[in-house]
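[1] make a model of this:
(chains A, B, C and D)
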There are 2 protein chains.
Amino acid sequence: MNKEKNNFQIKFANNMGMLASRFSLNSTVGQLYGLLYMSPEPVSLNEMVKKLAISKGSASTNIRILESWGAVKKVWVDNSRKDYYEADPNTLDIIKQRVIEGLHRRLNETKSSIDMVNNSLEGKNRYSAQREQFYKKRLQKTRKMYEQVNDLLELFSKD
Amino acid sequence: MNKEKNNFQIKFANNMGMLASRFSLNSTVGQLYGLLYMSPEPVSLNEMVKKLAISKGSASTNIRILESWGAVKKVWVDNSRKDYYEADPNTLDIIKQRVIEGLHRRLNETKSSIDMVNNSLEGKNRYSAQREQFYKKRLQKTRKMYEQVNDLLELFSKD
DNA sequence: CATAGCGTTTAGTTCGTTCTAAACGATATA
DNA sequence: TATATCGTTTAGAACGAACTAAACGCTATG
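    Have a look, this model is predicted:
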């Protein structure tokens, strides 16, 4: 048990961890970002480890994930060879960008799936005319849905 | 190996399974829905089991999940005591409703978190004025973000 | 040059999810 | 009433994700 558990930063960080896991993200990533977000000064890896009661390995791995997202950045602190980090406070922008990126990637994969399935139907015909008609209709509908979602995403990607 | 693996329905179903797992859903649920979506006739549990090469337990559990979502429904077939199912073809509506519901639930939980953390700061003051100011600013920012997302969701929930 | 203090990498463990096989209860049929 | 055929439930296995502890390599400093 950490005697600092009542510390405001830590409380906030842990809530960010819960938030992250609710959206099926890694909760440690959420904790780390939350801690940095509520720190007026840059934080070293060892401080993160102590405050969040996590292992150094986990802190190291996950802080670099956050870094790759542009959610935190390394900062120089004089007279120290430790790595210090601070949060980019524009949380919403970060989240938004990540959500959009993720959706784009998955939608592209979806498109490939649809095309592949479609091609497999176009090949030589093993089905009755009626059955083939049904397949084509549903496939067409699937394609339409894909496009609706895609258009919606485009709309988002703007502004 | 299933000799029917080249069957169009099955190919489609498996792709729906992949799609589902891409969006961190249960992939069997995706397969089942995909199969029913591409079936002109209702499908029995045993047919699902055979065509998708899954266990009866899994089929039973997952088909009832789909049923609870309103994505498939039981239909009566004369002279049979099997349960037959067919898909509600309005896939997009189903997805949309589930997404909105899920977001609503999680946002409410988020709101509770923010309030809780906020209250813990409002309590007796253990921080310097400057530090407290910083905390309050960031907390305020967090609240604003919550509201932006919430408003966006409301907008969606309409139309 | 040895040591201490870093962050990273790795090997192994834990935990949650979801599957399967099998037991089960219910119902229709011979 | 005995049996066969359903769907459901349960116990256990498999798997993946993510953590920890420890080993490691690097660098600065005494």
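
[2] what's the domain layout of chain A?
    A:3-89, A:92-157 (automatic domain parsing).

[3] and the last one with chain B, contact?
    By that I understand domain A:92-157. Yes: shown here: domain A:92-157 in contact with chain B (C-beta under 8 Å from any C-beta of the partner chain) through A:92, A:106, A:109-110, A:113-114, A:116-117, A:120-121, A:127, A:130-131, A:134-135, A:138-139, A:141-142, A:145, A:148-149. For glycine as for every other residue, the C-beta is placed from the backbone atoms N, C-alpha and C.

[4] list only buried entries from the residues you listed.
    Restricting the residues of domain A:92-157 next to chain B to buried positions leaves A:110, A:113-114, A:117, A:121, A:131, A:134-135, A:138-139, A:142, A:145, A:149, with burial counted as 16 or more other C-beta atoms under 10 Å in any protein chain shown.

[5] out of these, who's nearest residue B:22?
    Proximity of these to residue B:22 was ranked by C-beta to C-beta; the top entry is residue A:110 with 7.5 Å.

[6] that closest one reaches residue A:146, doesn't it?
    Yes: checked against C-beta atoms under 8 Å, the pair residue A:110 and residue A:146 is within contact range at 6.1 Å.

[7] I'd like the next helix or strand past the helix of greatest length in chain A.
    Ranked by residue count and defined by DSSP state H, the top helix of chain A is helix A:91-122. Beyond helix A:91-122 in the direction of the C-terminus, DSSP states H and E gives the next helix or strand as helix A:129-157.

[8] so that next one versus helix A:91-122, what angle?
    Relative orientation of helix A:129-157 versus helix A:91-122 (axes from the mean of the first three to the mean of the last three C-alpha atoms, to 10 degrees): 160 degrees.

[9] give the rounded mean pLDDT of helix A:129-157.
    With pLDDT averaged residue by residue, helix A:129-157 scores 93.

[10] for stretch A:41-52, same thing?
    The model assigns stretch A:41-52 a mean pLDDT of 96.

[11] pull the residues that contact it.
    Under the criterion C-beta atoms under 8 Å, 6 or more residues apart in numbering or on different chains, residues A:2, A:4, A:7, A:9-10, A:13-14, A:28, A:31-32, A:35-36, A:54-56, A:59-60, A:63, A:75, A:77, A:80, A:82-86 lie in contact with stretch A:41-52.

[12] are any of those residues buried, and which?
    Buried subset of the contacts of stretch A:41-52 (neighbour count, 16+ other C-beta under 10 Å): A:7, A:9-10, A:13-14, A:28, A:31-32, A:35-36, A:54, A:59, A:63, A:83-86.

[13] strands - which of those land there?
    Residues of the buried ones among the contacts of stretch A:41-52 located in strands (DSSP state E): A:84, A:85, A:86.

[14] contacting residues for residue A:91?
    A:33, A:37, A:71, B:141, B:142, B:145.

[15] pull the number of nearby residues for residue A:150.
    Applying other C-beta atoms under 10 Å in any protein chain shown, we find 16 other residues in the vicinity of residue A:150.

[16] how many other residues sit next to the nearest residue to it once chain neighbours are set aside?
    Of all residues beyond its chain neighbours, the one nearest residue A:150 is residue A:107 (5.8 Å), with distances taken as C-beta to C-beta, 6 or more residues apart in numbering or on different chains. Neighbour count for residue A:107, taken as other C-beta under 10 Å: 15.

[17] in the buried ones among the residues of domain A:92-157 next to chain B, find the pair that's most separated.
    Of all pairs in those, the most separated under C-beta to C-beta is A:131 and A:149 at 27.5 Å.

[18] show me what the one helix or strand residue A:65 maps to is packed up against.
    Assigned by DSSP H and E, residue A:65 belongs to helix A:56-69. Other helices and strands packing on helix A:56-69, by 3 or more C-beta pairs under 8 Å, 6 or more residues apart in numbering or on different chains; DSSP states H and E, are helix A:27-37, helix A:45-52, strand A:72-75.

[19] what does the pLDDT read for residue A:23?
    The predicted structure lists residue A:23 with a pLDDT of 89.

[20] that one and residue B:106 touch, don't they?
    Yes: in terms of C-beta under 8 Å, residue A:23 counts as a neighbour of residue B:106; the distance is 6.7 Å.

[21] what is the neighbour count of the residue in chain A that DNA strand C sits nearest to?
    Nearest residue of chain A to DNA strand C: residue A:57, at 3.0 Å (C-beta to the nearest atom of the strand). Neighbour count for residue A:57, taken as other C-beta under 10 Å: 9.

[22] residue A:49 versus that one, what's the distance?
    When distance is defined by C-beta to C-beta, to the nearest Å, residue A:57 is 10 Å away from residue A:49.

[23] quick one: common contacting residues for these two?
    Contact with both residue A:57 and residue A:49 is made by no residue, according to C-beta under 8 Å, 6+ apart.

[24] who in chain A is up against DNA strand D?
    Within chain A, the positions adjacent to DNA strand D are A:25-28, A:53-58, A:61-62, A:81 by C-beta under 7 Å from any atom of the strand.

[25] with that, I have no additional questions.
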